[in-house]
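Model the following, please.
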Amino acid sequence: MAKLTLTTFVSLDGVMQAPGGPDEDTTGGFGYGGWMVPFADDDMGAFVNEVFDRSGAYLLGRRTYDIFSSYWPRVTDPEDPIASRLNALPKHVVSTTLKDPEWENTTVVPGDVPAEVARLKERTEEGELQIHGSGTLAQSLMAHDLIDEINLLVHPVYLGSGRRLFPDGGQPTAFELTDTRITGSGIAIHTYRPTGRARFGTFDPGV
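Predicted coordinates:
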């Protein structure tokens, strides 16, 4: 069974919306798209390449899939470490409206998404089943305890608005930090493994 991993860029205040460009996702009037671009450096690129090297298949939300499918099929260099895997490996997109995806090796995940994803984890025999971005999908799968590992690339910028990875009202969850590194531009890359429900205590000696 494959490990289901999530890799995503976030700001210091947890915003994950539209990291790569001003027109990537303006939902809710978001006007800060492209916030991660000034911090992109070789260290970040090396980490992202490491992540893609571990992939066996991809699971994407519809918005992220549309962004990826409009760009990566046009990158035909067989030596490109990301394009070569994205274009060749199975891609599963969660959508109720996409009927005939044009990107090669794409299947649509319909119906009961958590149940379908659990089956995908069972069927993916080599490498990781990877989510990239796809905030709504990630939140749904975290609520069902289906994500096994999270790579957070925390950028040194505060945005003040935008869609966040961890929403209000989510299930309190504890994590183990399994790896961390800092890039030259100050991106803090943390890898976490969920360990169960969050626990709570007090420093009050009288309690």
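
residues in contact with the residue nearest to Asp145 when sequence neighbours are not counted?
Nearest residue to Asp145, sequence neighbours excluded (CB to CB, 6 or more residues apart in numbering): Pro194, at 7.1 Å. For the C-beta atoms, the positions are set from N, CA and C on the backbone; glycine is no exception. Counting by CB atoms under 8 Å, 6 or more residues apart in numbering, Pro194 touches 142, 145, 147-148, 150, 173-176.

between these, which has the most around it?
Ile147 (24 neighbours; other CB atoms under 10 Å).

ok, that residue to Thr97 distance?
24 Å (CB to CB, to the nearest Å).

Same check on Thr195?
Taken as CB to CB, the span from Thr195 to Thr97 is 36 Å.

Compare those two (neighbour count), which wins?
More crowded of Thr195 and Thr97, by other CB under 10 Å: Thr195, with 11 against 6.

can you tell me how far the more buried one sits from Asp145?
If you go by CB to CB, the gap between Thr195 and Asp145 works out to 11 Å.

same check, this time on Gly28
28 Å.

do the same with Asp66
For Asp66 relative to Asp145 (CB to CB), the value is 28 Å.

Mind jotting down where the strands sit in the protein?
Taking DSSP state E as the criterion, the chain carries its strands at 4-10, 55-61, 91-94, 106-109, 128-132, 149-154, 173-182, 188-197.

can you list the weak-confidence ranges in this structure?
Regions of the chain meeting the criterion pLDDT under 70 cover residues 207.

Save the strands of the chain as CSV, and put in distance to Gly33 too.
Shown next, in CSV, are the strands of the chain (distance: least, CB to CB, whole Å):
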stretch, distance to Gly33
strand 4-10, 12
strand 55-61, 17
strand 91-94, 22
strand 106-109, 25
strand 128-132, 17
strand 149-154, 16
strand 173-182, 25
strand 188-197, 21
